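Student: Give the three-dimensional model of this entry:
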Amino acid sequence: MVATGGTIASAETGEGLAPQLTGEQLAGYVPQVAELADIDIVQPMNIDSTNMGPADWQRIGDAILARYEDYDGFVVLHGTDTMAYTAAALSYLIQESPRPIVLTGSQQPMASPFTDARLNLFQSVLYAADPASRDVSVVFDGKVVAGTRARKQRTMSFNAFTSVNYPELALIRCDRIIRTAPAAPVAAPATVPAEAPAQAGSTAPAAAPAKAAPAPVTPEAPTGEVPAPSTPAGPQATPPDQPVIYHDLDERVFVLKLTPGISPKTFSLLAPSYDAIILETFGIGGIPDTLRDALFAWVDSGRTLVVTTQVPEEGLDLGVYEVGRAYSEHPGILKGDDMTSEALVAKTMWALGQARGLADAAERRALIRELFYRPVNHDRM
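Tutor: A predicted model of the protein is given here:
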């Protein structure tokens, strides 16, 4: 069990709720978990998930990897507000894990008389202890959601999380797991959409053939220390009982939600601070004509543009309307399709992180594109 704080660990401080309880204290509220598994607890942090960032995702991942050989499953206790981001990030940092990594939390503190924390903790351990469980998921209010498909949909109700554009992996009724979707498949070769011809007036270079991703690493026998970052050295085979591990993230990713009247100058203001923008468009992919030159200039400068929709369900299709089709045909623009914004943030950071060491701009863009379109833990259909 990896305790990180959140509402589940919170108590009143006189200035509002804040994480106070340790992982050991939280486990003590649910003694029934001792009947499910032998549990050890680590606590890399004890923070409100509002303060959780990419460096913390890596700390959680490193805490798991340093002990990966010692345990059959992992439960991460986490605040609900950014749990979907952490679940997505762990899905990309620790891919194809044969051992389940389960995130859970609660809408009410563990010590509250009407809390949902006890059942969530019990069912998370139950799911993590089941031999058929694998990969990264969120267990909450009796639902199991793939780590790349979770979204917090409600701020107060116990059924806070939903699975976006993908079926729930399982339902849990008391102490019974009812599986509704197959386990995550072993990685298949990625299908990357072909680069379209350059848009008229674009200065974007022609794409180079996709470069192989930096070689993943596998955890060594446990030493109690965090594994060192991977050093790309060409493709390496990963044993079937080991996850595929990555350590690098590029945090310079910004999510921009379109609003009527947004200024094209926004993109030049963001350029010094960010390497990628995830653009949440109108509807199925509507982008105002006034932004066209600014968006083409962003991509042609070597930066990454990911296009998605601000509508929660059913995804994106840039080819339907004239206000989107120009971007569908522009090279270098990546399409989020039916992915969640949370998964897009984590995946873009991961893809950019793997390509950061490449000096050639065309190779870097080709690698980012190949990684972005590679399916991971049910993140895209």
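Student: what about the closest residue to I39 other than its chain neighbours, how many neighbours?
Tutor: What sits nearest to I39 in space, not counting adjacent residues and going by C-beta to C-beta, 6 or more residues apart in numbering, is M1, at 5.6 Å. All C-beta spots, glycine's among them, are computed from the backbone N, C-alpha and C. Residues contacting M1 under the criterion other C-beta atoms under 10 Å number 24.
Student: Does M1 touch G73 like I think?
Tutor: No: if you go by C-beta atoms under 8 Å, M1 and G73 don't touch, sitting 9.8 Å apart.
Student: quick one: the helices in the stretch 201-350 of the chain?
Tutor: 265-270, 292-300, 322-328, 341-355 (DSSP state H, counting those that start in this stretch).
Student: Distance of S328 relative to S137?
Tutor: 32 Å (C-beta to C-beta, to the nearest Å).
Student: higher neighbour count, those two?
Tutor: The residue with more neighbours, out of S328 and S137, is S137; 33 against 17, by other C-beta under 10 Å.
Student: before we move on, back to that, go through the helices of the stretch 201-350 of the chain and name the closest to A66.
Tutor: helix 341-355 (20.1 Å; C-beta to C-beta).
Student: Show me which positions of the closest one end up buried.
Tutor: Within helix 341-355, the residues scored as buried using 16 or more other C-beta atoms under 10 Å are 341-355.
Student: in this structure, which ranges drop under the pLDDT threshold?
Tutor: Scanning the chain for pLDDT under 70 picks out the ranges 181-239, 319-323.
Student: Identify the residue nearest the geometric centre of it.
Tutor: The chain has A88 as the residue nearest its centroid, 1.6 Å off, counting by C-alpha atoms, centre = their mean.
Student: a helix runs through that one, doesn't it?
Tutor: Yes: A88: assigned to a helix according to DSSP: H, G, I helix; E, B strand; the rest coil.
Student: Now do the contacts for the closest residue to it other than its chain neighbours.
Tutor: Distance criterion C-beta to C-beta, 6+ apart; nearest residue to A88, sequence neighbours excluded, is A346 at 3.8 Å. Each residue near A346 by C-beta atoms under 8 Å, 6 or more residues apart in numbering is listed here: W57, Y85, A88, A89, S91, Y92, T148.
Student: Just the CA trace of stretch 324-339, in PDB.
Tutor: The C-alpha trace of stretch 324-339 is given here as PDB (Å, rounded to 0.1, in the frame of the first residue of the first chain):
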ATOM      1  CA  GLY A 324     -11.800  21.500 -38.400                       C
ATOM      2  CA  ARG A 325     -10.800  19.800 -41.600                       C
ATOM      3  CA  ALA A 326      -7.800  22.100 -42.300                       C
ATOM      4  CA  TYR A 327      -6.200  20.900 -39.100                       C
ATOM      5  CA  SER A 328      -6.900  17.300 -39.900                       C
ATOM      6  CA  GLU A 329      -4.800  17.600 -43.000                       C
ATOM      7  CA  HIS A 330      -1.900  19.500 -41.400                       C
ATOM      8  CA  PRO A 331       1.200  17.400 -40.600                       C
ATOM      9  CA  GLY A 332       2.400  17.400 -37.000                       C
ATOM     10  CA  ILE A 333      -1.100  17.900 -35.400                       C
ATOM     11  CA  LEU A 334      -2.000  15.000 -33.300                       C
ATOM     12  CA  LYS A 335      -5.600  13.900 -32.800                       C
ATOM     13  CA  GLY A 336      -6.800  12.900 -29.300                       C
ATOM     14  CA  ASP A 337      -9.800  11.000 -30.800                       C
ATOM     15  CA  ASP A 338     -11.800   9.600 -27.800                       C
ATOM     16  CA  MET A 339      -9.100  10.000 -25.100                       C
END
